[in-house]
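K.L.:
okay, here's the prediction I keep looking at, along with the sequence it came from:
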Amino acid sequence: MSLEALNERVKSDLAYLNFGGPDWVRPLHHPDGHVYDAVIVGGGQSGLGIAFGLLRERVSNILVIDENTEGLEGPWETYARMVTLRTPKQLTSIDLGVPSLTFRSWWEAQVGAEGWEEVDKIPKGDWMNYLRWYRKVLQLPVINEVTLNEIEPTEDGIHRLHINGNGAPSDTLLARKVILATGIQGGGEWHVPAMISEKLPHSLYAHTSEKIDFEKLKGKKVAVLGGGASAYDNANFALSEGVGEAHVFVRRKEMPRINPIRQMEISGMIERFPALSDADKYAAIRHFFNHNQPPTNDTFNRASSWPGFNLHLGAPWLDVEATNDGAVVTTPQGTFTFDFLIISTGLLTDPGLRPELKLVESHIARWSDCYQAPEEIANPVLDAHPYLSPGFAFVSRDEEGKKLLHGLFAYNYSALISCGLAASALSGMRYGIPKIVASVADELFLDDRDQNLKDFFAYDLPEFTGEWPLKEVKS
């Protein structure tokens with residue numbers, strides 16, 4: 001099957017599912033302009049999947065905005081420096097149960113079934129190409145180069161989105177529902193330890209999420225701080241770009257070996273996570289954080305095969321200092337000097353860190369507002385996460401905020417404790433996207449509850465046209 005044939009098969013499959021039926025949501029009019037039923041912030045895999053899900057629910061008055069240029073949404077061709085995805089290739093995601101929309105169908109349409117069998121893990125560049133195809137074949141309403149600066153709730157229950165960028169159609173958009181499908185960093189910000197950011201000039205370090213000029217580092221000596229999979233991805237990438245030495249520093253004395261995600265994928269923990277009590281959710285994610293995610297075997301082997309690769313276990317950074325020779329790093333194992341530091345220390349999650357939420361974040365409930373963890377497992381990093389509904393909606397910590405937060409949803413990494421991996425890992429999206437789509441659609445319906453019920457009770461269009469008794473038929 002060719003890609004053109006697959007495109008026709010997608011159209012046929014969607015026609016059999018009656019995709020594209022008439023909207024049921026009541027249009028909302030506003031003197032300031034068009035009101036979208038939903039604006040999805042983020043045109044990566046999550047945003048695209050949610051847009052498709054809403055269209056399947058016959059909610060088509062939607063818009064997806066993304067700050068990047070078209071084709072560069074998400075991390076795949078910017079700061080993601082892995083060679084392949086870490087997710088097992090057979091797990092489905094944003095196809096939402098439509099076989100012709102799966103990555104496998106897209107792949108086999110180009111290289112055949114045998115080519116699929118030869119794949120170990122999905123190459124990241126091919127995954128990005130699949131997302132580009134997915135957006136195009138579904139004709140999803142995405143506009144690029146649009147940045148959301150601020151969400152302003154209005155008195156009439158609409159959210160005014162203040163935007164800018166080369167692709168912005170105006171200074172503002174109006175939306176009944178706003179879905180933050182903003183990926184890993186969308187719930188807070190990337191984290192650089194204060195010891196580094198306060199003592200070193202930025203010319204000596206960069207977080208893994210930043211653009212790094214590896215051309216200038218050829219033949220140089222770099223250090224990578226962090227023990228997660230991303231640290232080894234960056235070490236491998238640096239060495240493949242000509243860096244002379246890459247030293248990975250891990251505070252643990254042993255490499256993490258267990259990946260809790262693999263257990264969650266087969267045990268029901270991803271799809272059934274919202275059914276757990278708050279105590280169980282908190283304990284489960286605390287355990288998840290304790291284990292961290294180890295590098296895949298191929299990632300580690302790829303990085304460690306370079307002659308310039310060095311691994312330092314049990315080596316937290318105790319101090320850093322800028323000198324004429326570069327950055328001096330002090331560890332329990334001694335002092336090292338590097339030309340550049342790559343910081344792979346993840347992120348911090350807190351709605352208070354998000355500029356677009358500055359008008360409402362004081363009302364957003366955190367986990368610390370709703371659940372007091374036992375002292376032996378309490379963690380301030382977890383406590384700062386927003387406390388979300390099972391449908392990914394923000395919950396207010398006070399009465400005043402209920403109206404302001406109504407219609408705001410977080411489908412990003414900040415949903416981890418409340419909703420599990422459903423929005424935080426590719427393997428969870430097949431379960432999470434239908435939940436948020438249903439939650440948004442339910443809200444839209446209930447917002448117009450009175451009129452919807454009034455129309456139902458008043459409906460009197462005759463359907464049966466027969467008569468009884470039957471009229472006498474003359475012979």
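P.N.:
On my side now, so go ahead.
K.L.:
for the rest of this, base every contact and every neighbour count on C-alpha atoms.
P.N.:
Will do.
K.L.:
what about Ser389, how many residues close to it?
P.N.:
By other Cα atoms under 10 Å, the residues close to Ser389 number 17.
K.L.:
how far away is Val111 from Val119?
P.N.:
Distance, Val111 to Val119, using Cα to Cα, to the nearest Å: 11 Å.
K.L.:
swap that for Asp156, please
P.N.:
For Asp156, the distance to Val119 equals 52 Å [Cα to Cα].
K.L.:
again, but for Asn259
P.N.:
Asn259 sits 21 Å away from Val119, taking Cα to Cα as the criterion.
K.L.:
and these two? which has more neighbours close in?
P.N.:
Asn259 (15 against 11).
K.L.:
picking up where we left off before, quickly list what's touching both of Val111 and Val119.
P.N.:
Between them, Val111 and Val119 share no contacting residue under Cα atoms under 8 Å, 6 or more residues apart in numbering.
K.L.:
using CSV, list the CA coordinates for stretch 40-49.
P.N.:
Output in CSV follows, covering the C-alpha atoms of stretch 40-49 (Å, rounded to 0.1, in the frame of the first residue of the first chain):
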residue,chain,number,x,y,z
ILE,A,40,-6.0,24.0,22.3
VAL,A,41,-2.6,25.4,23.2
GLY,A,42,0.1,23.2,21.8
GLY,A,43,0.2,21.6,18.3
GLY,A,44,2.3,18.6,19.3
GLN,A,45,1.1,15.0,19.6
SER,A,46,-1.2,15.8,22.6
GLY,A,47,-2.8,18.8,21.0
LEU,A,48,-3.3,17.1,17.6
GLY,A,49,-4.8,14.0,19.3
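K.L.:
name the SS class of Gln263, please.
P.N.:
Look at Gln263: counting by DSSP: H, G, I helix; E, B strand; the rest coil, its state is helix.
K.L.:
other residues contacting the host helix or strand of Leu131?
P.N.:
Taking DSSP states H and E as the definition, Leu131 sits inside helix 124-137. Helix 124-137 is contacted by residues 7, 10, 44-45, 48, 71, 76-77, 82-85, 101, 103, 106 when judged by Cα under 8 Å, 6+ apart.
K.L.:
I'd like the next helix or strand past that helix.
P.N.:
That would be, after helix 124-137 and using DSSP H and E, strand 142-144.
K.L.:
any idea which helix or strand of the protein has the worst average confidence?
P.N.:
Least confident helix or strand, the chain: helix 260-267 with a mean of 91, by mean pLDDT, DSSP states H and E.
K.L.:
in it, what's buried?
P.N.:
Neighbour-count burial for helix 260-267, counted by 16 or more other Cα atoms under 10 Å, picks out Pro260, Ile261, Met264, Glu265.
K.L.:
and the residues you listed as a markdown table, adding distance to Arg252?
P.N.:
As requested, the buried residues of helix 260-267 are exported to a markdown table (distance: Cα to Cα, whole Å):
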| residue | distance to Arg252 |
| --- | --- |
| Pro260 | 18 |
| Ile261 | 20 |
| Met264 | 24 |
| Glu265 | 26 |
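K.L.:
which single one of the residues you listed is nearest to Met195?
P.N.:
The closest of the buried residues of helix 260-267 to Met195 turns out to be Pro260 (Cα to Cα; 30.5 Å).
K.L.:
thought that closest one was touching Asn290?
P.N.:
No: at 10.1 Å, Pro260 does not count as touching Asn290 under the criterion of Cα atoms under 8 Å.
K.L.:
related to what we said a few turns ago, which other residues reach the least confident helix or strand of the chain?
P.N.:
Met269, Ile270, Phe288, His291, Gln293, Ser427.
K.L.:
make it 6 Å
P.N.:
Contact with helix 260-267 is made by Ile270, as judged by Cα atoms under 6 Å, 6 or more residues apart in numbering.
K.L.:
following that helix, which helix or strand comes up?
P.N.:
helix 278-291.
K.L.:
remind me, longest helix of this protein?
P.N.:
Longest helix in the chain by number of residues (criterion: DSSP state H): helix 429-447.
K.L.:
quick one: mean pLDDT for that helix?
P.N.:
Summarised as a single mean, pLDDT over helix 429-447 is 97.
K.L.:
please apply the same query to stretch 186-204.
P.N.:
In this model, stretch 186-204 has an average pLDDT of 96.
K.L.:
stretch 83-91 now?
P.N.:
Rounded mean pLDDT across stretch 83-91 is 92.
K.L.:
next SSE after the helix or strand hosting Glu189?
P.N.:
Following DSSP H and E, one finds Glu189 within strand 188-190. Tracing the chain C-terminally past strand 188-190 and defining elements by DSSP H and E, one meets helix 194-197 next.
K.L.:
what's around Asp32, how many residues?
P.N.:
Count around Asp32 with other Cα under 10 Å applied: 10.
K.L.:
phi, psi for it please.
P.N.:
Dihedral angles of Asp32 (phi, psi; degrees, to the nearest 10) stand at phi -90, psi 0.
K.L.:
quick one on the thing from earlier: list the buried residues in the helix holding Leu131.
P.N.:
Using 16+ other Cα under 10 Å as the burial criterion, the residues of helix 124-137 that qualify are Lys124, Asp126, Trp127, Met128, Tyr130, Leu131, Arg132, Trp133, Tyr134, Arg135.
K.L.:
redo those as a markdown table? Include distance to Phe464 and pLDDT.
P.N.:
As requested, the buried residues of helix 124-137 are exported to a markdown table (distance: Cα to Cα, whole Å; pLDDT from 0 to 100):
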| residue | distance to Phe464 | pLDDT |
| --- | --- | --- |
| Lys124 | 57 | 95 |
| Asp126 | 55 | 97 |
| Trp127 | 52 | 97 |
| Met128 | 53 | 97 |
| Tyr130 | 49 | 98 |
| Leu131 | 48 | 98 |
| Arg132 | 48 | 98 |
| Trp133 | 46 | 98 |
| Tyr134 | 43 | 98 |
| Arg135 | 43 | 98 |
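K.L.:
domain ranges for the chain?
P.N.:
Using automatic domain parsing, the domain parsing of the chain gives 3-188+348-452, 192-256+292-345.
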